[in-house]
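Chemist: quick one, what's the 3D model for this:
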Amino acid sequence: MVAAAAGAGAPSRTSTGMVIAGASAGTVFEWYDFFLYGSLASVITEHFFSGVNPTTGYVFALLAFAAGFAVRPFGAIVFGRLGDLWGRKNTFLVTMTLMGLSTFAVGLLPSYASWGVIAPIALISLRLIQGLALGGEYGGAATYVAEHAPEGKRGLYTSWIQITATFGLALSLAVIILVRTRLGEDAFKDWAWRIPFLVSALLLLVSLWIRLRLNESPIFQKMVEDGTTSKAPLTESFARWPNLKLVILALLGMTAGQAVVWYTGQFYALTFLEKFLKIDGVMTNELVAGALLLAVPFFVVFGWLSDKIGRKPVILAGCLLAALTYFPIFKAITVSANPALAAASASAPVTVVADPADCAFQFDPIGKKSFASSCDIAKSTLANAGVSYKNEAAPAGSVAAVKIGAASLPSFKGETLSAAELKTQKGAWTKALGADLKAAGYPAKADPAKMNVPLTVFWLWLLAVYVTMVYGPVAAALVEMFPARIRYTSMSLPYHIGNGWFGGFLTPTAFAMVVASGDIYFGLWFPVVVASVTFVIGLLFVKEMKGAKIED
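Modeler: Residues are numbered from 1 along each chain as shown. Coordinates of the predicted model:
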């Protein structure tokens, strides 16, 4: 009977194509939405978080994005259990439907101007539903394909699912670029940003049509026939130490590092280009989309390679390369994408000289606090201008000043001013600072004519290649680590803790680190440290499982 199941795991060419297409179609659609929201964080800030200051609003928008990731482990538990009890196919039909309806609803949601505080609450609620659904999607798709794959080709077969995540991003960027260029930037920011969310209804219908044509996994069918399915997958997965140990090792020695490398290369790169290098939104999308499309074939290359040399060497090499090269790569991106900014930072470095007690961590959960000290005014203005700066302590009680090379511009104390007076004086001071920055060579926006586009795409492509190294083999690695009867549950949780928490919170955490430190590269410490920890733990404690029998 086991031999029969193994034979069933080697489908014909036609059925193999349908299996991969069915698992991948839903994954494309579901990642399309997540990438869509991440790419439009700045626009969403204006429509749903306009009741707070701009810096806080952008962090709120990023946190709303991350909220969908925060609940993914809970979705992994709920739907992973259903997948081991109810079947792989039925479970990911439910997750895809939930995701699709929530995505479509975002396109219809009234803004803050219409609904007030209810609007961001409704947005976050939809993000939570999407996150729960996605928490059950990936484990089902990876398990379904791996349980159909012939021996020795699991890495190759499951790598096609990994392609779909990047294809989902590329598709979302393509739709955004098409709508932006056809309708214009003003219309896009006003109302047309909703179109990409509404278009997702077509993707949902196609994905459902494909998945309804699929049969259940042969290995799960065999377990049902033999009566060997788990009666308590949560207990077997997490309450028994031998399997719980594997779950912990899968998280710390594999998926945490994979997640930060992936989200740095595909999400944080977008934020870095647009917010810190001041590159136009459309061009930012085009640069990242182009780099990702050039890197897509490497998902299959590294999936195939993992079938030959093992999952660990490929994944851990990607983590190590990322940890060693992120800082020089992002600095090289600055030089190629905004050379004027790089030159000005080198010739006229900016320093904020202030009493440390005068400087607050500028994030207000209520969104109504005014950061009006001389230090806060200086730092928030520089952050909004995308200018990196260093901090220098000044005597207690002194007024902060911004040093640009040899020049110095004193800030002002705004605590005692009325809201109208503060706005007027800050506007005048911001204008004066802008003039000083311009005189020192700092550009207000990146100049496309001065950008080295091929070199910028190359660096972004290299980041994406690291993504393919860590992500291409990971589905096969996770499937092989856990027994069939609890596979959906066991592999889903470490994957979604890694990608939901370590990956999903990377962009807002790194952005907050940059704002707090003043260094546009400081946020890179987050992925560098996590990738380094994963490399060490994975190297020392994770067992290579390439070629393991997955029928049992």
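Chemist: so, low pLDDT: which residues of the stretch 351-500 of the chain?
Modeler: When residues are selected by pLDDT under 70, those of the stretch 351-500 of the chain lie in 361-370.
Chemist: tell me which stretches of it form helices.
Modeler: Taking DSSP state H, counting those that start in this stretch, the helices of the stretch 351-500 of the chain run over residues 374-384, 419-439, 453-471, 474-481, 487-497.
Chemist: now the strands for the chain?
Modeler: Taking DSSP state E to define them, one finds strands in the chain at 350-354, 389-393, 401-404, 407-410.
Chemist: so what strands line up beside the last one?
Modeler: Each strand paired with strand 407-410, and its direction, by DSSP bridges: strand 401-404 (antiparallel).
Chemist: got the contact list for the partner strand?
Modeler: Applying C-beta atoms under 8 Å, 6 or more residues apart in numbering, the set of residues contacting strand 401-404 from outside is 348, 350-354, 378, 382, 389, 392, 394, 408-411, 433, 436-437, 440, 442. For every residue, glycine as well, the C-beta is placed using N, CA and C.
Chemist: out of the residues you listed, which are buried?
Modeler: 348, 350-354, 378, 382, 389, 394, 409, 411, 433, 436-437, 440, 442 (16 or more other C-beta atoms under 10 Å).
Chemist: residue closest to the middle of the chain?
Modeler: residue 263 (4.0 Å; C-alpha atoms, centre = their mean).
Chemist: show me what contacts that residue?
Modeler: Residue 263 makes contacts with 499, 503-504, 506-507, 527, as judged by C-beta under 8 Å, 6+ apart.
Chemist: can you rerun that using 10 Å?
Modeler: Residues near residue 263 by C-beta atoms under 10 Å, 6 or more residues apart in numbering: 38, 69, 269, 467, 499, 502-507, 510, 526-527.
Chemist: where does pLDDT dip in this protein?
Modeler: 1-15, 26, 30, 38, 51-56, 58-59, 62, 361-370, 552.
Chemist: repeat the analysis, applying 50 as the threshold.
Modeler: Residue ranges of the chain with pLDDT under 50: 1-14, 365-367.
Chemist: quick check: the closest residue to residue 305 other than its chain neighbours vs residue 258, distance?
Modeler: Excluding the flanking residues, the one nearest residue 305 by C-beta to C-beta, 6 or more residues apart in numbering is residue 314, at 5.8 Å. For residue 314, the distance to residue 258 (C-beta to C-beta, to the nearest Å) stands at 11 Å.
Chemist: contact partners for residue 359?
Modeler: 352, 371, 373-376, 378-379, 391, 393, 400, 516.
Chemist: ignore the last one, residue 502
Modeler: Applying C-beta under 10 Å, 6+ apart, the residues near residue 502 are 69, 251-252, 255-260, 262-263, 509, 526-527, 530-531, 534.
Chemist: out of those residues, which are inside helices?
Modeler: 69, 256-260, 262-263, 509, 526-527, 530-531, 534 (DSSP state H).
Chemist: residues near residue 528, how many?
Modeler: A total of 19 residues lie near residue 528 under the criterion other C-beta atoms under 10 Å.
Chemist: that one contacts residue 321, correct?
Modeler: No. Look at residue 528 against residue 321 with C-beta atoms under 10 Å: they stay out of range, at 11.3 Å.
Chemist: look up phi and psi at the closest residue to residue 217 other than its chain neighbours.
Modeler: Distance criterion C-beta to C-beta, 6+ apart; nearest residue to residue 217, sequence neighbours excluded, is residue 147 at 4.3 Å. Torsion angles at residue 147 (phi, psi; degrees, to the nearest 10) stand at phi -80, psi -10.
Chemist: okay but residue 147 is in contact with residue 487, surely?
Modeler: Yes. Using C-beta under 10 Å as the test, residue 147 is close enough to residue 487 to be in contact (8.2 Å).
Chemist: give me the more crowded residue out of the two.
Modeler: More crowded of residue 147 and residue 487, by other C-beta under 10 Å: residue 487, with 30 against 25.
Chemist: what is the burial count for the residue lying closest to that one once chain neighbours are set aside?
Modeler: In this structure, residue 487 finds its nearest non-sequential neighbour in residue 143, 5.5 Å apart by C-beta to C-beta, 6+ apart. Residue 143: 31 surrounding residues under other C-beta under 10 Å.
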